[in-house]
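next comes the sequence, and after it the predicted model I'd like to discuss.
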Amino acid sequence: MSNLKRFFASLTIASTILMTGAGAILPVTAVTIADGDLVKSADSSAVYLIQGAKKRVIPHLNVYLSWGYPSNFSTVKTVSAADLALYADDNAVPFRDGAMFRGTAQSLGGKDASAVFYVEDAQLRAIKSAEIYQALFNDANWTKVTWVPDDLLTK
């Protein structure tokens, strides 16, 4: 085979791999799913917490981070959509106790849009004023409060 033919054959193979992805020619390895795992399918960005035979969606990045998971998602396993479908849907994962959040333009329970909520014993506690917040948390820059989309407040 001439050098020119080898070059074009190599170019064709490399182009095919680049256009279809290496996954098209490499074998898919099975991933074991265990209780407590964080998983997602390759075709979705949604992250789920596996609990027994159920999966619970983590509805927002700030909820995920409130549980202390790494921001680089290194503990999230990618599984097949078929494997993920074997788990029944359950309630979404809530903010962890100790988390504080507020909406961007709306609030909960008729509270002012600027209301901050503190999660304690899986219950939402509205912090009634900036003075109370500062007395409790001594956080002049409000760095302990995360902002969430308003539609998350209703979930």
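Now that the structure is in, tell me what you want to look at. Numbers count the residues shown, from 1 in each chain.

host element of Y64?
Take DSSP states H and E as the rule and Y64 turns out to sit in helix 61-66.

what's the spacing between S44 and Y118?
31 Å (C-beta to C-beta, to the nearest Å). C-beta coordinates here come from the backbone N, C-alpha and C atoms, glycine included.

what about the two, which has more around it?
Y118 (20 against 11; other C-beta atoms under 10 Å).

wait, that one touches M100, no?
Yes - counting by C-beta atoms under 8 Å, M100 is a contact partner of Y118 at 5.1 Å.

now for the two: what residues contact both?
I127 (C-beta atoms under 8 Å, 6 or more residues apart in numbering).

which residues in the protein form strands?
38-41, 48-51, 54-57, 76-79, 88-89, 100-102, 116-120, 123-127, 145-147 (DSSP state E).

what's the most buried one of those?
Highest mean neighbour count of the strands of the chain: strand 100-102, a mean of 21 (counted as mean count of other C-beta atoms under 10 Å).

pLDDT weak spots in the protein?
1-30, 106-107, 109-110, 113, 155 (pLDDT under 70).

domain ranges for the chain, per the record?
1-28, 31-93, 100-153 (automatic domain parsing).

how about the contacts made by the nearest residue to G98 once chain neighbours are set aside?
Distances taken as C-beta to C-beta, 6 or more residues apart in numbering place V119 nearest to G98, at 6.5 Å, with adjacent residues excluded. Contacts for V119 (C-beta under 8 Å, 6+ apart) come out as S66, P94, F95, R96, D97, G98, A99, M100, R125.

which strands or helices does the helix holding Y64 pack on?
When contacts are defined as 3 or more C-beta pairs under 8 Å, 6 or more residues apart in numbering; DSSP states H and E, helix 61-66 packs onto strand 145-147.

show me what the strand it packs on is packed up against.
Against strand 145-147 (3+ C-beta pairs under 8 Å, 6+ apart) you get helix 61-66, strand 100-102.

show me how far that strand is from its chain's centre.
The chain centroid and the centroid of strand 145-147 are separated by 16 Å, computed with C-alpha atoms, centre = their mean, to the nearest Å.

ok, residues contacting that strand?
The contact list for strand 145-147 (C-beta under 8 Å, 6+ apart) reads N62, L65, S66, A99, M100, F101, R102, G103, T104, V116, D139.
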